[in-house]
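[1] This is a predicted model, with the sequence first.
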Amino acid sequence: MKSIMPLLTLEEARRRRRPAVTAEVLEQARDIVEQVRSDGEPALRRLAERFGDTHEGTPIVIDRDELASSLNRIDDATRDLLRRTAGRIETFAGSQLETLRPLDTEVPGGRAGHELKPVRSVGAYAPGGRHPLPSSVLMTVVPARVAGVREVWIASPRPSAVTLAAASIAGADGLLAVGGAQAIAALAFGTVSPAVDMIVGPGNAWVTAAKKHLFGEVGIDGLAGPSEIVVIADEQSDAGVVAADLLAQAEHDTMAEPILITTHEPLIGQVEAQLARQLQDLATSNVASAALQRGFMVLVASRDEAASLADHLAPEHLALHVDQPDALAADIDSYGSLFIGAQAAEALADYGIGPNHVLPTGGGARFQSGLSVMTYIRTPTWLRIDDAVTAKDAAHLARLEGLDAHARAALARAEAP
């Protein structure tokens with residue numbers, strides 16, 4: 001009988017890191033982006049209609065007033081839920097912002113430092129395909145507003161009333177009712193709304209590829225591929241809770257990657273049994289079952305081996321369902337977001353307990369962090385010199401590099417009266 005999740009060896013597991021986008025998808029996204037660059041709004045509308053985002057004659061720009069009116073089209077309980085969630089995200093983002101400080105420090109002959117300056121304008125993508133994600137609207141827009149970003153636009157295909165209401169509550173200036181690579185291009189080029197300086201948010205492979213193609217023309221938060229979770233579990237873990245966490249990621253997308261690393265061999269069969277039971281009445285079982293086949297389980301010999309594999313995979317989400325989880329956490333460096341102990345459900349972070357759910361995937365946590373208020377903060381440096389005591393050193397280094405004008409510019413300060 002075919003297992004619900006493949007069982008891999010440790011070496012097989014170490015070879016399973018996936019790229020955020022393939023060369024084929026990158027080429028397809030590049031073509032879409034360049035169509036919008038060349039032909040502007042007609043290309044955007046043509047592509048939006050082709051991919052089912054909108055219909056001929058339907059407006060694709062929803063302004064702030066229309067967003068506000070959407071608040072009257074949802075029930076009181078949902079409106080209050082969105083406001084509570086936005087408040088928790090805002091509180092956490094504000095606490096993060098308080099950890100940042102301008103710098104003013106002494107350097108030879110003067111002072112130097114940095115300022116904290118928010119990005120001026122941001123475009124935020126919120127998926128709207130199989131499942132509209134108003135939570136992603138809150139996660140991207142609220143921290144931007146806390147950071148002090150002046151203008152924030154959302155792009156989301158086929159937005160629901162709840163998505164529009166979330167955009168209003170979060171403080172968006174408007175929304176483009178289009179998706180895919182064409183939406184990323186429209187945000188970057190100012191096709192039907194103001195051009196932005198940075199584009200953030202999760203999306204499908206074409207969204208990610210478009211962000212990669214445009215990086216350098218605009219800033220991006222990172223490249224987010226299909227969702228992933230690594231659960232590390234041991235002999236004291238609850239197989240039902242472990243299975244629930246694996247399924248919570250698996251239902252995102254057939255390309256999602258749920259992973260179990262365990263030091264306790266009997267747990268593998270127990271989790272398989274729980275997955276089979278929980279899939280029976282799961283509304284998203286078809287998607288989740290496919291994703292479970294893309295994921296895997298692996299038996300390791302020790303906690304050290306589990307920590308080493310987790311660091312190598314550098315997953316989007318890392319959940320520690322183990323005895324003494326804090327001790328294990330201290331041995332792991334690379335993850336998008338860490339969930340310490342079995343009570344720290346990743347789903348709580350997905351739905352606005354505070355930390356952001358827009359996180360690096362595909363091993364990206366080795367070199368970048370998830371989206372936060374800090375994503376939107378720049379730290380340009382400054383220098384004030386009263387006495388050019390390092391001018392001769394600067395000139396010497398410049399001449400070692402063959403840059404005589406640099407040397408002369410430095411020495412002009414040393415020789416000034």
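    Received the coordinates, thanks. Numbers count the residues shown, from 1 in each chain.
[2] Contacts only, for T379.
    If you count contacts by C-beta atoms under 8 Å, 6 or more residues apart in numbering, T379 has them with L103, H114, E115, L116, K117. (Each C-beta comes from the backbone N, C-alpha and C, glycine too.)
[3] Show me which of these is closest to E56.
    Nearest to E56 out of the contacts of T379 is K117 (C-beta to C-beta; 42.5 Å).
[4] picking that back up, pick the one among the contacts of T379 closest to I32.
    Using C-beta to C-beta, these come closest to I32 at K117, 32.3 Å.
[5] mind listing what that closest one touches?
    I377, R378, T379, P380.
[6] what's across from it in the sheet?
    R378 (DSSP bridges).
[7] returning to what we had before: which of the contacts of T379 lies at the shortest distance from H357?
    L116 (24.6 Å).
[8] got a list of what the closest one touches?
    So L116 contacts L100, R101, P102, I377, R378, T379 (C-beta under 8 Å, 6+ apart).
[9] On the pLDDT front, check the residue lying closest to the first one once chain neighbours are set aside for me.
    Spelled out, that is L100. Of all residues not flanking L100 in the chain, L116 sits nearest, at 5.7 Å (C-beta to C-beta, 6 or more residues apart in numbering). pLDDT for L116: 98.
[10] number of nearby residues for L400?
    If you count neighbours by other C-beta atoms under 10 Å, L400 ends up with 9.
[11] for D404, same thing?
    So D404, with other C-beta under 10 Å, has 11 neighbours.
[12] Now the spatially closest residue to it that is not a sequence neighbour: phi and psi?
    Sequence neighbours aside, A398 is the residue nearest to D404 in space, at 7.2 Å (criterion: C-beta to C-beta, 6+ apart). In terms of degrees, to the nearest 10, the main-chain angles of A398 are phi -60, psi -40.
[13] Please report the distance of A398 from A301.
    Here A398 is placed at a distance of 56 Å from A301 (C-beta to C-beta, to the nearest Å).
[14] same check, this time on I74
    Going from I74 to A301 by C-beta to C-beta gives 52 Å.
[15] who has more neighbours, the two?
    Neighbour count, other C-beta under 10 Å: between I74 and A301, I74 has more, with 19 against 9.
[16] That one: what's it in contact with?
    So I74 contacts A161, V162, A165 (C-beta under 8 Å, 6+ apart).
[17] thinking the last one is in contact with D76, fair?
    No: between A165 and D76 no contact is recorded; they are 11.6 Å apart, counting by C-beta atoms under 8 Å.
[18] which one of those two has more residues nearby?
    A165 (25 against 7).
[19] name the element the more buried one belongs to?
    Using DSSP states H and E, A165 falls within helix 161-170.
[20] Dump that helix to PDB, restricted to CA.
    Extracted C-alpha coordinates of helix 161-170, given in PDB (Å, rounded to 0.1, in the frame of the first residue of the first chain):
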ATOM      1  CA  ALA A 161     -15.700  41.700  -0.300                       C
ATOM      2  CA  VAL A 162     -13.600  40.500   2.700                       C
ATOM      3  CA  THR A 163     -10.400  41.200   0.800                       C
ATOM      4  CA  LEU A 164     -11.600  44.700  -0.100                       C
ATOM      5  CA  ALA A 165     -12.600  45.300   3.500                       C
ATOM      6  CA  ALA A 166      -9.200  44.100   4.700                       C
ATOM      7  CA  ALA A 167      -7.500  46.500   2.300                       C
ATOM      8  CA  SER A 168      -9.500  49.400   3.800                       C
ATOM      9  CA  ILE A 169      -8.900  48.400   7.400                       C
ATOM     10  CA  ALA A 170      -5.200  48.000   6.700                       C
END
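[21] list the buried ones in that helix?
    A161, V162, T163, L164, A165, A166, A167, S168, I169, A170 (16 or more other C-beta atoms under 10 Å).
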